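**Student:** Task: produce atomic coordinates for the following.
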Amino acid sequence: MEKVVATNKKAYHDYFVEDVIEAGVVLKGTEVKSVRLGAVNLKDSYVIFKNGEAFMIGVHISPYKMGSYFNVDPRRTRKLLLNRSEINKLRGRVEQKGYTLIPLKMYFKGSLVKIELGLCKGKELHDKRAAIKQKENDRELERVKKEFR
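**Tutor:** Have a look, this model is predicted:
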């Protein structure tokens with residue numbers, strides 16, 4: 001059973017999500033408590049590769065208010081837990097022009113904190129406008145369908 005803690009809605013607006021991968025996250029004790037409270041912001045976060053490992057940058061986990069001196073920097077770089085083959089596959093795709101790895105959703109799977117990563121390609125301005133127009137058309141269609149039921 002999954003309990004979703006945070007989602008990155010802006011990622012779906014700014015990027016085309018082509019592939020989705022689940023990864024574990026290395027967290028400190030007070031960070032896990034903050035995540036349980038839902039004090040997580042995935043906006044403007046991304047993943048980099050360094051020395052054969054994946055790291056998540058820009059994720060803000062608010063300090064746990066009862067944590068005192070055990071609290072760590074809310075914007076610190078956090079290591080992701082992925083298999084070597086997954087890291088190699090993702091690094092190969094990210095090195096291609098226009099691809100990036102974006103955290104889409106953070107959730108609990110049992111007692112473990114997991115993150116859903118999306119292999120994304122950036123949208124142009126006209127793509128964003130087309131997506132907004134499509135959404136408005138779908139809403140209007142649903143409204144009309146509802147009137148005739």
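
**Student:** Give me the number of neighbouring residues for Lys9.
**Tutor:** Neighbourhood size, Lys9 [other Cβ atoms under 10 Å]: 12. No exception for glycine: its C-beta is placed from N, CA and C like everyone else's.

**Student:** Counting by contacts, list what the top helix by length along the chain packs against.
**Tutor:** Looking across the chain with DSSP state H, the single longest helix is helix 125-147. Helix 125-147 sits against helix 9-14, with contacts defined as 3 or more Cβ pairs under 8 Å, 6 or more residues apart in numbering; DSSP states H and E.

**Student:** Now do the helix it packs on: everything it contacts.
**Tutor:** 17, 42-44, 102-104, 118, 120, 122-123, 128, 131 (Cβ atoms under 8 Å, 6 or more residues apart in numbering).

**Student:** Kindly report the same for stretch 54-67.
**Tutor:** 23, 25, 27, 30-31, 33-35, 37, 39-42, 44-49, 70-72, 74-75, 77-80, 82, 87, 90, 101, 103, 106, 115.

**Student:** Would you mind checking those residues for buried ones?
**Tutor:** 23, 25, 27, 30-31, 33-35, 39-42, 45-47, 49, 71-72, 78, 80, 82, 87, 90, 101, 103, 106, 115 (16 or more other Cβ atoms under 10 Å).

**Student:** Buried residues in stretch 104-124, which are they?
**Tutor:** Under the neighbour-count criterion of 16+ other Cβ under 10 Å, stretch 104-124 has 104-108, 113-120, 123 buried.

**Student:** Narrow those residues to those in helices?
**Tutor:** Residues of the buried residues of stretch 104-124 located in helices (DSSP H): none.

**Student:** Fine, thanks again, bye for now.
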